[in-house]
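Chemist: Make a model of this:
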Amino acid sequence: MKSILKKVAGVVLVAGFVFGMFGCANGTTDSIIKTVETPEFSVESSAVINGTEVTISCSTEGAKIYYTTDGSEPTASSKEYTTAITVTTAVTIKAIAVKEGMNDSAVASASYNVIAQAPEVTPDTMVKITGCSTGDFYISNTELTYAKWYKVYQWAVKNGYIFQDLGSEGHRGKNGAAPSANSKQPVNRVSWRDAVVWCNAASEMEGLTPVYEYEGSVLKEAENYESRGSNTANKTNVNAGDGKAEKATVRADANGYRLPTEAEWEYAAKGGADYTYSGSDNIDDVAWYKGNSKGTSHDVGTKDANGYGLYDMSGNLSEWCQKIWDLQRGLRGGNFFSSENSLNNCGVSQTYSDFPYERSNNYGFRVCRNAN
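Modeler: The predicted structure follows:
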């Protein structure tokens, strides 16, 4: 009998232990309290323009957000977030997310300094440069925009001008397409031949005297070479040095548009100072280059100007110049794909060249005019 009782007691004890074990396990599972996800700011800590709006969100459904702007730790008694926060002065915003039945989130924090908004840049504006050893001149404050190129191009082809290329709205643009609304992308995929012919067309369109002449007449054709251009209507095949553009003469007395000489370009790029880049020794201040461009061109005038109010003379697009290098033509300024130490880097003194029929998604130009 005692033996039977011991066995029964043993079974009870084992059953009780097993039940208790599983009951405890279930109890532990049920007692785990989840934590609300940490809030996120729409703008990371940075220097922002006065009036920037910052929103705060939380991925935990139904959670409420509370925040402070005085540096103190937020609690459920702090101000509840309901609408975007407008940053008008230096501030640190701290936030937590709260939901009944859950642990409060970790504290999220973001700090902002306010900077003045950069003035609106009007592209393709001519700036007078004085003091150059070759004489005073005007030069565009930006690389030629695709919008300006397209406007003149449309007029030109109706008035006897022939181009090698249609041009493109920045690195990712479609050849010859109508420009996007409010776009400030520079024109690219244009050859040196196209650039000088466009200068003549722009001059004639605006009632100025064209600069480039071929055999005593206004130069109006940029020939192709081995189908290098995007204008399928131009079937010419003219090698470097044999093109009408290369053989054209420059009218020194003309008041129309032209490409800058290398001396003019470099003088303008220095902006009255002896910086490595156009306007700064810090390349990130003034140039879109391989280290910050994300592999594409950018709207003109979105980096700092140099001392003469000129933009992008370092980086964004390499710019055609009048300089003749045997069969090639000069390029200056580097581009969005240039590294700091490459042969075609963004330094104001760096020079390189390419054939006058070549086109690239990182080649563009800016125009110049005589000041007399």
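
Chemist: Would you map the helices across this protein?
Modeler: Using DSSP state H, the helices found in the chain span residues 2-31, 146-157, 192-205, 244-247, 262-270, 283-286.

Chemist: worst average pLDDT in the ones you listed?
Modeler: Of all the helices of the chain, mean pLDDT reaches its minimum on helix 2-31 (a mean of 43).

Chemist: Please enumerate the strands of the stretch 151-300 of the chain.
Modeler: Ranges of strands within the stretch 151-300 of the chain are 168-169, 187-188, 212-214, 217-218, 249-250, based on DSSP state E, counting those that start in this stretch.

Chemist: most tightly surrounded among these?
Modeler: strand 187-188 (a mean of 30; mean count of other CB atoms under 10 Å). The C-beta positions use only the backbone N, C-alpha and C, and glycine is treated the same way.

Chemist: Listing partners with orientation, what would you give for that strand?
Modeler: With DSSP bridges as the test, strand 187-188 is paired with strand 168-169 (antiparallel).

Chemist: List phi and psi for the most centrally placed residue in the chain.
Modeler: For the chain, the residue nearest the mean C-alpha position is His298 (2.9 Å; CA atoms, centre = their mean). Here is the backbone geometry of His298 (degrees, to the nearest 10): phi -130, psi 160.

Chemist: from now on call the first residue 51
Modeler: Okay, residue one is now 51; in that scheme the one you just asked about reads as His348.

Chemist: Before we move on, what's the pLDDT of it?
Modeler: pLDDT, read off for His348, is 96.

Chemist: measure Met152 to Ala113 for me?
Modeler: To Ala113, Met152 is 8 Å away according to CB to CB, to the nearest Å.

Chemist: The residue nearest to the centre of the chain touches Asn385, doesn't it?
Modeler: No: here His348 lies out of contact with Asn385, judged by CB atoms under 8 Å, at a distance of 10.8 Å.

Chemist: any shared contact partners between the two?
Modeler: Trp338, Asn366 (CB atoms under 8 Å, 6 or more residues apart in numbering).

Chemist: Setting aside sequence neighbours, what's the nearest residue to Asn289?
Modeler: Leaving out its chain neighbours, the residue that sits closest to Asn289 by CB to CB, 6 or more residues apart in numbering is Tyr275, at 6.1 Å.

Chemist: ok so, going back, quick one, which of Met152 and Ala113 is more surrounded?
Modeler: Legend: neighbour count by other CB atoms under 10 Å for Met152 and Ala113, higher for Ala113 (19 against 16).

Chemist: I'd say that one and Lys149 touch.
Modeler: Yes: with contact defined as CB under 8 Å, Ala113 and Lys149 form a contacting pair (4.3 Å).

Chemist: For the two, list the residues in contact with both.
Modeler: By CB under 8 Å, 6+ apart, the residues touching both Ala113 and Lys149 are Val86.

Chemist: Which helix or strand in the chain has the lowest average pLDDT?
Modeler: Lowest mean confidence among the helices and strands of the chain (mean pLDDT, DSSP states H and E): helix 52-81, at a mean of 43.
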